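1. Sequence and predicted structure are below.
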Amino acid sequence: MKKKLVVIGAGMASGRMLEQLFDAAPDAWDVTLFNAEPRGNYNRLMLSPVLSGEKTYDQIVTHDDTWYATHCVDCRFGEPVVRIDRKNRLVYSNSGGAPYDALVIATGSAPFIIPVPGKDLPGVVTYRDLEDTQAMIDTAGKDAVVIGGGLLGLEAAAGMAARGARVTVIHLMGHLMERQLDPAAGYLLQRDLEKRGITVHCKGATKAILGTDRAEAVLLEDGTVYPADLVCMAVGIRPEVRLANDAHLEVERGIVVDDALRTSDPHVFALGECVEHRGQVFGLVAPLYDQAKVLAKTLLGEAAIFAPVQTATKLKVTGCDLFSAGDFADAPGREDIVFRDPGRGIYKRLVLEGDRIVGVVMYGDTADGAWFYGLMKDGTDISDMRDTLIFGPAFQGGAAPDPMAAVAALPPEAEICGCNGVSKGTILDAVAGGACTLDAVRACTKASASCGTCSGLVQQVMAVALGGEVQDTPVGMCKCTNHSHEDVRRLIRAMGLKSIPAVMQELGWKTVGGCHSCRPALNFYLLAEYPLEYRDDRQSRFVNERNHANIQKDGTYSVVPRMWGGVTTPAELRAIADAAEKYGVPMVKVTGGQRIDLLGVRKEDLPHMWADLNAAGMVSGAAYSKGLRTVKTCVGKEFCRVGTQDSTGLGIKLEKLMWGSWTPHKLKLGVSGCPRNCAEATCKDIGVVCVDSGYNIVIGGAAGMEVRETVPLALTPSEDEAIQIILAVTQLYRENARYLDRIWKWMGKVGLGWIKAQVVDDMENRRTLVERFEISQSVYRRDPWADLSTPSETPKWAPLADLTLEAAE
Amino acid sequence: MTIFVDIGSLDDIPAQGARVVRTAQGCVAVFRTADDRVFALEDRCPHKGGPLSEGIVHGTFVTCPLHNWVFDMNTGQAQGADEGRVRTFAAKVQGGRILIDATLLRRSAAA
Ligand SMILES: Cc1cc2nc3c(=O)[nH]c(=O)nc-3n(C[C@H](O)[C@H](O)[C@H](O)COP(=O)(O)OP(=O)(O)OC[C@H]3O[C@@H](n4cnc5c(N)ncnc54)[C@H](O)[C@@H]3O)c2cc1C
Ligand code: SF4
Ligand code: SF4
Ligand code: FES
């Protein structure tokens, strides 16, 4: 007969242990699994993404019914074990028992509840399981208070805020996460959380939770009261040792286990957060997974020893990058290296003991975390690179930020030439094979053979390989850097740089905060590359894009609401007329893009006027943007006697798909219903000229300082395909063109042939381009006017103070 | 000695941005740099009167939004080939509040 294994607790540790056990010996044990929660194993770490809405519960289940069935596990979920009878080797729940030959206790931890009046009221939760998570999800639109500003509390707070709750964090200490951060870094974190609308109250001692039938508010010692429909206590955890205590096993802070994870009873084992091993208790999963491996072996009679390794933590709050590992306590002989940039919200601290790193904290920019962690774990002697250590791996070997270092640090698979898909490795191979001039490399790899804008980078890669000087590099994008636009863009991609400070730091910008010419360009490159992660930086935009209106020479603005395809309604016209009168607009003018311009609006009136126009269903026309401006249309076959297709309808469809998108320069479209071309489509950036047999797509027109006629890109019988091609070429332009190049200029560099190959001939490529455009639009297809005319934003458009009034008093 | 007047909280100005203060002597642009220093300059470009408060702030420089003249906020001096100077006023941060030169309350600068 098979031996019986009983496991108490279906958590992170026991789940991993059972996997290991079944993998090694599927038939060794008959397993009975008790769990207090009414469900099996799931990934507890991922409760935070579930709370914030980034994941669903189903996505974090690690073992489903089929898995338990396959391994014949007797699942007793929702049945907490209440007693262990060691003498007879039995465990009991309230509804039955189970005999064991070996018992594993894996009960995890119990959250610590601070003993204040009101702690037992309904509406007071901890943060440990799915029930807690669900209670917090339900706070949307309500008031929530989190007690405890550590990792767990902050994940709870950010999650609830993401769900739309009004959240306050009360923290006993002077700053958040005091165990991992010093006051300055704690302040940066606090500022980021406050930006999400979370209130942070440090040095706050909770006195009581107020409420009659359920929690209503939290009272602090200093008398402050915060309203609270829900209170989450996240002040720490304690190993869950009650069962072990009652069974008279040896227990200190946790259940005491030896290196094989055996308790003081040879038939009873324990693992996870409930144990204490050589005086140490655990709060993160990495060492628990090691325990799981060891215990599986122990249960199979193999020798194995558990030796904990150091672990690193990351705060799982999207947008707050925090990394911490090791030990930060002040101790004799310890030294700190700190890099701080409060303006950019970056903080890095290394704790050294002798020539080794013993602790790492990073805030705001954690890209080098893994590298520092590696040095720390391996106990690497860092004395050689001590001076530049804090700048990360890219700078090792040179004291000053050296642009070549960035190129040298690129991995071999990094793409250098985008046109021909040539990687750094391929170029290095060519050089090793004897190609030592640019022409030779170009001839054998095709690197820089198409648009040529990557020549500088190719030469730098060659210089790294040949150990020589870089010759005739193209001019830098501005006086702040020697890298050209194209190279910066490639390096952003290849090095995964995700913020303006990261670009400036890693590529060795020569100025403190860039200038008016590189900052808008970097902002565009980053938002085009990382639409979901990068947050548009308004302060790096020109006035018109920052204020979503066009500044006029007297400092007033012009306001242009969108008119889809140039079509409007009496109601919209009435709302525009009302706005013009209400705000005393000196001039109302019809624009060349088929819409109406309200000129001469005062800055402080902008949000009010926008709110009025929004209320009538109108959004910003982006008449100021390097982005989609207008889609000009003619009436087409719906009304015109010679029209061949529904040009108005197609124009509206395109505008509804593309509005809000940012592009390297302004993007104007036109759709004409027949070759008479009333919408002047052949001088637009992208145009469509309809014919009987379908849709002629043309690109590269201009009617500004340069006047250019478009060239044909594709002819398709299907409206749907026309739309796909237009979205694809727009995305290709977004991904490749230099900032401030119109399509015609970009086309001159890369060639119409290349563009055609990408979006007309290569259907798979077209599909992925459209997909990436859509991903970006999921963020940017929204009205900035609505976002900037909220009650909290509106006051920011007015002067900060009016001292003329005070002077009069 | 300069006497200062409180005009608002540092948080009211975005980092690398500016807000305008109306004074008896015209509009003054109060800038905040990336590292939380503040500068107060007349909000009128000497070139063609552009509102400097709407310019891009980089380091301790601001670029005029109308034709890209660049000014050093420490001195108000135009940079490079452009010649001109904007008036500057004393400004500082104290306990998270922004203080500027109180003479701006008066109608004339000379007093
Ligand atoms: C929201 C959240 C986020 C986290 N994020 C991270 C992170 O980013 N990184 C990291 O390393 N760690 C993180 N942790 C910690 C990590 O989840 C724990 O270290 C890990 O889950 C502990 O595993 P365990 O198996 O010991 O306990 P648990 O996973 O807690 O499992 C114990 C199980 O035992 C059950 N149980 C308890 N008593 C009984 C009983 N008497 N009878 C039957 N069953 C019982 C419990 O219901 C529970 O299901 C996080 C924790 C939480 C709550
Ligand atoms: S372009 Fe052709 S279809 Fe359109 S309005 Fe002119 S004539 Fe009619
Ligand atoms: S054509 Fe020249 S003057 Fe007229 S609105 Fe355009 S930029 Fe101004
Ligand atoms: S008005 Fe400032 S640069 Fe022209």
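-> Ah, there it is. Ligands and ions are numbered 1, 2, ... in the order given.
2. Tell me the spatial nearest neighbour of the residue positioned nearest the centre of chain A, not counting adjacent residues.
-> For chain A, residue A:533 is the residue whose C-alpha lies nearest the centre (CA atoms, centre = their mean; 3.7 Å). Spatial nearest neighbour of residue A:533, chain neighbours left out: residue A:498 (5.7 Å); criterion: CB to CB, 6 or more residues apart in numbering or on different chains. Bear in mind the C-beta positions are built from the backbone N, C-alpha and C, glycine included.
3. Tell me which helix or strand that neighbour sits in.
-> Residue A:498 belongs to no helix or strand when assigned by DSSP states H and E.
4. Quick check, it in contact with residue A:526.
-> Yes. Taking CB atoms under 8 Å as the definition, residue A:498 is a contact partner of residue A:526 at 6.7 Å.
5. closest point of chain A to ligand 1, which residue?
-> Residue nearest to ligand 1 within chain A (CB to the nearest ligand atom): residue A:11, separated by 1.7 Å.
6. and that residue, what is it in contact with?
-> For residue A:11, the contact set (CB atoms under 8 Å, 6 or more residues apart in numbering or on different chains) comprises A:35, A:41, A:44, A:106-108, A:272.
7. Please report the distance of it from residue A:431.
-> Distance, residue A:11 to residue A:431, using CB to CB, to the nearest Å: 54 Å.
8. With residue A:733 instead?
-> 32 Å.
9. Between the two, point out the one with more neighbours.
-> Neighbour comparison, residue A:733 and residue A:431: the larger count goes to residue A:733, with 26 against 20 (by other CB atoms under 10 Å in any protein chain shown).
10. Packing partners of the one helix or strand that one maps to?
-> Per DSSP H and E, residue A:733 falls inside helix A:719-736. On a contact count with 3 or more CB pairs under 8 Å, 6 or more residues apart in numbering or on different chains; DSSP states H and E, helix A:719-736 meets helix A:518-529, helix A:647-658, strand A:667-672, strand A:686-691, strand A:694-699, strand A:711-716, helix A:743-750, helix A:763-780.
11. which one of the ones you listed has the most crowded surroundings?
-> Of all those, strand A:667-672 has the most neighbours on average by mean count of other CB atoms under 10 Å in any protein chain shown, namely a mean of 28.
12. Can you read off the pLDDT for residue 32?
-> Here I'm looking at chain A. pLDDT recorded at residue A:32 is 97.
13. meant chain B actually
-> Residue-level pLDDT assigned to residue B:32 equals 94.
14. now swap in the one 10 residues further on and tell me
-> With respect to pLDDT, residue B:42 has a value of 96.
15. Run through the bridge partners of it.
-> Applying DSSP bridges to residue B:42 yields these beta-bridge partners: residue B:28.
16. hang on, it packs against residue B:86?
-> Yes. Applying CB under 8 Å, one finds residue B:42 in contact with residue B:86, separated by 5.1 Å.
17. so what sits against both of the two?
-> B:52, B:76.
18. check contacts around residue 93.
-> I went with chain A, as the question did not name one. Residues near residue A:93 by CB under 8 Å, 6+ apart: A:34, A:76, A:79-82.
19. sorry, should have said chain B
-> Going by CB under 8 Å, 6+ apart, residue B:93 touches B:10, B:36-38, B:99.
20. How about residue A:622?
-> A:548, A:562, A:628-629, A:659-660.
21. where do the strands sit along chain B?
-> Using DSSP state E, the strands of chain B run over B:4-9, B:17-23, B:26-32, B:38-42, B:56-58, B:61-63, B:70-72, B:88-89, B:91-94, B:97-101.
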